[in-house]
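# need a structure here:
(one chain, ligands or ions: 1)
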Amino acid sequence: MTGLFFRLFKITLLALTALVPTAALAQDVTAPVPGAIGFQESVTPIMDSIIAFHNGVLMWTITAIVLLVLALLLIIIVRFNRRANPVPAKFTHNTLVEIVWTVAPILVLIVIAIPSFGVLTDQLTVPDGERKYLGSNIFSWGEVEVPAATLTVKATGYQWYWGYEYSDQDEVGFDSILLSEQDRADQKPNQPRLLAVDNELVVPVDTTVRVHVTAADVIHAFAMPSFGIKIDAVPGRLNETWFNARKTGLYYGQCSELCGKDHAYMPIAIRVVTKEEFATWMDALRAGDVSDANLTLAAIN
Ligand SMILES: [Cu+2]
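Next up, the predicted model:
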């Protein structure tokens with residue numbers, strides 16, 4: 001009996017910790033870490049709005065629904081058990097209750113949908129220097145100013161790796177392939193398993209980057225949690241999204257479409273560097289190849 005009580009207590013505790021907003025989590029995490037809950041650190045206005053939406057409207061709504069259902073269950077257990085209510089009522093429906101339980105969920109969906117459409121629109125509208133974005137105050141109806149896109153990157157999903165192309169920089173590009181365990185141990189031993197790649201996508205910090213996403217064979221999806229990006233890569237279609245990262249560093253994402261047998265082996269690694277580093281790197285890429293260009297950056301291992 002005591003064992004069961006403790007098990008129930010532990011489950012309740014776990015459920016409660018899942019409700020706590022994620023601010024207490026370790027910062028500077030740019031890759032998934034074992035045992036973590038919540039989102040990775042945000043470095044873009046879009047991810048700010050996603051986290052604000054999740055920790056605000058969504059969490060309050062879910063908490064209210066859970067508490068309401070819990071209260072209803074407790075009332076039923078206490079007031080309508082066999083001892084307290086020996087003669088059950090015979091009616092089968094109540095018009096008012098039926099209207100309420102149809103209308104209430106619709107209202108809940110509307111409350112969730114309105115701010116989420118704003119966030120979704122922001123994700124898919126590339127900045128022109130004039131439009132304003134929601135940022136961490138999703139009820140501001142547009143406050144964050146983002147400069148127009150000055151760099152275009154095209155990501156192509158292949159079976160099973162990513163190819164990157166700098167569309168407005170002489171269309172230079174390269175492939176980005178998962179490092180084998182041996183290569184990772186040799187070249188980048190401190191980078192996470194199944195996420196480290198040979199060539200990261202390099203972009204400058206504080207720059208609006210337009211991202212074009214497509215695929216060459218099957219459907220993939222380009223997802224970078226810290227940037228708030230997740231968009232399908234569909235053969236024959238060109239999808240568009242954007243980001244503006246405010247912090248240098250190495251960020252990891254993964255293909256997010258079940259695309260085939262090596263779906264789990266096509267990570268996305270984006271390296272955000274200073275504008276000067278990016279200019280040097282880009283000159284070297286234009287003049288030679290990606291290995292030469294990567295030599296201009298500080299080695300990461
Ligand atoms: Cu894929």
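
# strands along the stretch 201-301 of the chain, start to end?
For the stretch 201-301 of the chain, the strands defined by DSSP state E, counting those that start in this stretch cover 201-204, 209-215, 220-224, 229-233, 239-243, 249-255, 267-273.

# just put these in JSON lines and tack on distance to the ion, mean pLDDT and mean neighbour count.
Heads up, the C-betas are built off the backbone N, CA and C, glycines and all. Output for these, formatted as JSON lines (distance: least, CB to the ion, whole Å; pLDDT from 0 to 100; neighbours: other CB atoms under 10 Å):
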{"stretch": "strand 201-204", "distance to the ion": "16", "mean pLDDT": "96", "mean neighbour count": "22"}
{"stretch": "strand 209-215", "distance to the ion": "8", "mean pLDDT": "97", "mean neighbour count": "22"}
{"stretch": "strand 220-224", "distance to the ion": "3", "mean pLDDT": "97", "mean neighbour count": "25"}
{"stretch": "strand 229-233", "distance to the ion": "7", "mean pLDDT": "96", "mean neighbour count": "21"}
{"stretch": "strand 239-243", "distance to the ion": "14", "mean pLDDT": "97", "mean neighbour count": "21"}
{"stretch": "strand 249-255", "distance to the ion": "3", "mean pLDDT": "94", "mean neighbour count": "22"}
{"stretch": "strand 267-273", "distance to the ion": "10", "mean pLDDT": "95", "mean neighbour count": "24"}
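
# from the contact counts, what lies against the strand or helix carrying residue 109?
For residue 109, the host element (DSSP states H and E) is helix 95-124. If you count contacts as 3 or more CB pairs under 8 Å, 6 or more residues apart in numbering; DSSP states H and E, helix 95-124 packs onto helix 45-53, helix 59-79, strand 239-243.

# quick check: next helix or strand after that helix?
Per DSSP H and E, the helix or strand that comes after helix 95-124 is strand 132-133.

# list the pairing partners of that following strand within its sheet, with orientation.
Partner strands for strand 132-133, per DSSP bridges, with pairing direction: strand 144-145 (antiparallel).

# who touches the helix or strand just after the partner strand?
Moving toward the C-terminus from strand 144-145, the next helix or strand (DSSP H and E) is strand 151-158. Identification of contacts with strand 151-158 by CB atoms under 8 Å, 6 or more residues apart in numbering yields 162-169, 173, 175, 201, 203-204, 207-222, 233, 255, 259, 266, 268.

# let's see 6 Å
When contacts are defined by CB atoms under 6 Å, 6 or more residues apart in numbering, strand 151-158 is touched by residues 162-165, 167-168, 207, 209-216, 220, 222, 233.

# can you pull the residues of this protein lying near the ion?
For the chain, the contact set with the ion under CB under 5 Å from the ion comprises 220, 255, 259.

# residue ranges with poor pLDDT in the protein?
The model of the chain has pLDDT under 70 over residues 1-29.

# closest to the centroid, which residue in it?
residue 225 (3.3 Å; CA atoms, centre = their mean).

# pretty sure that one is touching residue 42, no?
No. Using CB atoms under 6 Å as the test, residue 225 is too far from residue 42 to be in contact (8.9 Å).

# in what helix or strand does residue 191 lie?
Here residue 191 sits in a region with no helix or strand, counting by DSSP H and E.

# apart from its chain neighbours, what residue comes closest to it?
Distances taken as CB to CB, 6 or more residues apart in numbering place residue 184 nearest to residue 191, at 6.5 Å, with adjacent residues excluded.

# before we move on, the earlier item: most tightly packed of the helices and strands packed on helix 95-124?
Ranked by mean neighbour count, the helices and strands packed on helix 95-124 are led by helix 45-53 with a mean of 23 (mean count of other CB atoms under 10 Å).
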